[in-house]
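Chemist: sequence unknown, structure follows:
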(Lines give C-alpha, C1' and ligand atoms only; values in the text may rest on other atoms or scores of the structure.)
Protein backbone atom coordinates (compact mmCIF):
# COMPACT_ATOMS: atom_id res chain seq x y z
CA UNK A 1 0.00 0.00 0.00
CA UNK A 2 2.92 2.33 0.78
CA UNK A 3 4.31 1.89 -2.75
CA UNK A 4 0.92 2.78 -4.26
CA UNK A 5 0.88 6.12 -2.40
CA UNK A 6 4.48 6.76 -3.42
CA UNK A 7 3.59 6.13 -7.07
CA UNK A 8 0.54 8.41 -6.85
CA UNK A 9 2.60 11.13 -5.16
CA UNK A 10 5.32 10.76 -7.81
CA UNK A 11 2.91 11.18 -10.73
CA UNK A 12 1.21 14.17 -9.12
CA UNK A 13 4.55 15.83 -8.27
CA UNK A 14 5.86 15.32 -11.81
CA UNK A 15 2.90 17.18 -13.34
CA UNK A 16 3.09 19.97 -10.77
CA UNK A 17 6.83 20.46 -11.36
CA UNK A 18 6.38 20.32 -15.13
CA UNK A 19 3.61 22.95 -15.16
CA UNK A 20 5.26 25.30 -12.70
CA UNK A 21 8.80 25.54 -14.11
CA UNK A 22 8.73 24.57 -17.78
CA UNK A 23 8.69 28.22 -18.94
CA UNK A 24 11.32 29.59 -16.58
CA UNK A 25 14.18 27.09 -16.65
CA UNK A 26 16.08 24.84 -19.03
CA UNK A 27 16.77 22.28 -16.31
CA UNK A 28 15.13 18.98 -17.29
CA UNK A 29 11.86 18.34 -15.50
CA UNK A 30 12.87 14.84 -14.46
CA UNK A 31 15.89 16.15 -12.51
CA UNK A 32 13.75 18.67 -10.65
CA UNK A 33 11.18 15.94 -9.99
CA UNK A 34 13.87 13.61 -8.65
CA UNK A 35 15.09 16.29 -6.23
CA UNK A 36 11.53 16.96 -5.04
CA UNK A 37 10.81 13.26 -4.60
CA UNK A 38 14.08 12.43 -2.80
CA UNK A 39 12.59 12.84 0.71
CA UNK A 40 9.69 10.55 -0.18
CA UNK A 41 12.02 7.95 -1.71
CA UNK A 42 14.40 7.97 1.26
CA UNK A 43 11.61 7.79 3.82
CA UNK A 44 9.89 4.96 1.93
CA UNK A 45 13.16 3.05 1.68
CA UNK A 46 13.74 3.60 5.43
CA UNK A 47 10.27 2.24 6.21
CA UNK A 48 10.76 -0.80 3.99
CA UNK A 49 14.21 -1.64 5.40
CA UNK A 50 13.77 -0.73 9.08
CA UNK A 51 10.05 -1.38 9.39
CA UNK A 52 7.23 1.05 10.00
CA UNK A 53 7.60 0.87 13.77
CA UNK A 54 11.18 2.26 13.73
CA UNK A 55 11.19 6.11 14.02
CA UNK A 56 12.98 8.21 11.45
CA UNK A 57 16.22 9.87 12.61
CA UNK A 58 15.68 13.57 13.27
CA UNK A 59 18.92 14.57 11.51
CA UNK A 60 17.89 12.67 8.39
CA UNK A 61 14.46 14.35 8.30
CA UNK A 62 15.91 17.79 8.87
CA UNK A 63 18.60 17.42 6.23
CA UNK A 64 16.16 16.04 3.65
CA UNK A 65 13.61 18.82 4.09
CA UNK A 66 16.24 21.58 4.12
CA UNK A 67 18.75 20.38 1.52
CA UNK A 68 16.30 19.21 -1.17
CA UNK A 69 14.41 22.53 -1.52
CA UNK A 70 17.74 24.38 -1.64
CA UNK A 71 19.02 22.08 -4.39
CA UNK A 72 15.71 22.46 -6.24
CA UNK A 73 15.99 26.26 -6.11
CA UNK A 74 19.64 26.16 -7.24
CA UNK A 75 18.77 23.93 -10.20
CA UNK A 76 16.02 26.31 -11.28
CA UNK A 77 18.38 29.29 -11.00
CA UNK A 78 21.17 27.45 -12.82
CA UNK A 79 18.89 26.65 -15.74
CA UNK A 80 17.02 29.96 -15.77
CA UNK A 81 16.64 31.33 -19.26
CA UNK A 82 18.49 34.64 -19.64
CA UNK A 83 16.51 37.73 -20.51
CA UNK A 84 17.67 39.42 -23.70
CA UNK A 85 19.42 42.72 -23.01
CA UNK A 86 18.35 45.68 -25.14
CA UNK A 87 21.09 47.08 -27.34
CA UNK A 88 21.44 50.83 -27.03
CA UNK A 89 24.29 51.39 -29.49
CA UNK A 90 22.62 50.28 -32.69
CA UNK A 91 19.16 51.26 -33.92
CA UNK A 92 16.71 48.37 -34.21
CA UNK A 93 16.19 46.84 -37.63
CA UNK A 94 12.73 46.59 -39.17
CA UNK A 95 12.47 42.87 -38.36
CA UNK A 96 13.50 43.48 -34.73
CA UNK A 97 10.68 45.96 -34.15
CA UNK A 98 8.08 43.29 -34.90
CA UNK A 99 9.53 40.82 -32.39
CA UNK A 100 9.96 43.30 -29.52
CA UNK A 101 7.15 43.87 -27.04
CA UNK A 102 4.94 46.90 -27.50
CA UNK A 103 6.46 48.53 -24.41
CA UNK A 104 9.82 48.94 -26.15
CA UNK A 105 8.33 50.73 -29.14
CA UNK A 106 8.33 54.52 -29.19
CA UNK A 107 5.05 56.37 -28.80
CA UNK A 108 3.17 56.49 -32.08
CA UNK A 109 2.23 59.99 -33.28
CA UNK A 110 1.31 60.05 -36.97
CA UNK A 111 0.76 63.81 -36.81
CA UNK A 112 2.69 66.65 -35.20
CA UNK A 113 1.33 69.19 -32.72
CA UNK A 114 0.30 71.72 -35.38
CA UNK A 115 -1.58 69.07 -37.36
CA UNK A 116 -3.25 67.86 -34.17
CA UNK A 117 -4.49 71.38 -33.46
CA UNK A 118 -5.77 71.61 -37.03
CA UNK A 119 -7.50 68.24 -36.64
CA UNK A 120 -9.20 69.42 -33.46
CA UNK A 121 -10.65 72.37 -35.40
CA UNK A 122 -12.27 69.88 -37.81
CA UNK A 123 -14.70 68.95 -35.04
CA UNK A 124 -16.96 71.94 -34.30
CA UNK A 125 -18.18 71.73 -30.70
CA UNK A 126 -21.78 72.30 -31.79
CA UNK A 127 -21.66 69.22 -34.05
CA UNK A 128 -19.22 66.80 -32.38
CA UNK A 129 -17.51 67.74 -29.12
CA UNK A 130 -14.00 66.21 -29.36
CA UNK A 131 -12.80 64.91 -25.99
CA UNK A 132 -9.57 63.04 -26.82
CA UNK A 133 -7.50 61.52 -29.62
CA UNK A 134 -6.01 58.02 -29.33
CA UNK A 135 -3.12 57.07 -31.58
CA UNK A 136 -3.06 53.54 -33.01
CA UNK A 137 -0.68 51.98 -35.57
CA UNK A 138 -2.88 52.76 -38.59
CA UNK A 139 -5.59 54.94 -37.12
CA UNK A 140 -6.37 57.87 -34.91
CA UNK A 141 -9.49 57.45 -32.82
CA UNK A 142 -11.23 60.71 -32.05
CA UNK A 143 -13.60 60.20 -29.13
CA UNK A 144 -16.20 62.71 -28.26
CA UNK A 145 -19.84 63.53 -27.80
CA UNK A 146 -22.22 63.72 -30.73
CA UNK A 147 -24.28 66.93 -30.54
CA UNK A 148 -26.21 66.77 -33.81
CA UNK A 149 -27.58 64.08 -36.09
CA UNK A 150 -25.00 61.49 -37.15
CA UNK A 151 -25.49 62.34 -40.84
CA UNK A 152 -24.87 66.08 -40.37
CA UNK A 153 -21.93 65.49 -38.00
CA UNK A 154 -20.29 63.03 -40.40
CA UNK A 155 -20.70 65.34 -43.38
CA UNK A 156 -19.32 68.34 -41.45
CA UNK A 157 -16.31 66.50 -40.03
CA UNK A 158 -15.52 64.79 -43.35
CA UNK A 159 -15.58 68.12 -45.26
CA UNK A 160 -13.39 69.80 -42.63
CA UNK A 161 -10.84 66.96 -42.66
CA UNK A 162 -10.72 66.91 -46.48
CA UNK A 163 -10.26 70.69 -46.67
CA UNK A 164 -7.33 70.63 -44.19
CA UNK A 165 -5.68 67.27 -44.93
CA UNK A 166 -6.86 66.29 -48.43
CA UNK A 167 -7.32 62.54 -48.82
CA UNK A 168 -4.76 61.71 -46.13
CA UNK A 169 -7.41 60.49 -43.66
CA UNK A 170 -10.54 58.38 -44.02
CA UNK A 171 -13.33 59.51 -41.71
CA UNK A 172 -15.53 56.82 -40.16
CA UNK A 173 -18.14 57.05 -37.43
CA UNK A 174 -18.43 54.03 -35.17
CA UNK A 175 -21.22 53.31 -32.75
CA UNK A 176 -20.23 53.32 -29.11
CA UNK A 177 -21.60 51.08 -26.39
CA UNK A 178 -24.55 53.38 -25.85
CA UNK A 179 -25.65 53.16 -29.52
CA UNK A 180 -24.36 56.59 -30.53
CA UNK A 181 -21.67 57.14 -33.16
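Modeler: On my side now, so go ahead. Predicted, not measured: the structure shown is a model, and the values here were computed from it.

Chemist: for the residue of the chain most remote from its centre, give me its contacts.
Modeler: The outermost residue of the chain relative to its centre, with distances by CA atoms, centre = their mean, is residue 53 at 51.8 Å. Applying CB atoms under 8 Å, 6 or more residues apart in numbering to residue 53 gives no contacts. Every C-beta, even on glycine, is put in place using the N, C-alpha and C of the backbone.

Chemist: ok, now residue 43?
Modeler: By CB under 8 Å, 6+ apart, the residues touching residue 43 are 56, 64.

Chemist: so which helix or strand takes in it?
Modeler: helix 29-50 (DSSP states H and E).

Chemist: low-confidence ranges in this structure?
Modeler: 81-110, 178-181 (pLDDT under 70).

Chemist: where do the strands sit along it?
Modeler: Ranges of strands in the chain, per DSSP state E, are 128-136, 139-146.

Chemist: can you put those in CSV and add distance to residue 19 and mean neighbour count?
Modeler: As requested, these are exported to CSV (distance: least, CB to CB, whole Å; neighbours: other CB atoms under 10 Å):
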stretch, distance to residue 19, mean neighbour count
strand 128-136, 36, 13
strand 139-146, 39, 14
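
Chemist: that's all I had, so thanks and see you.
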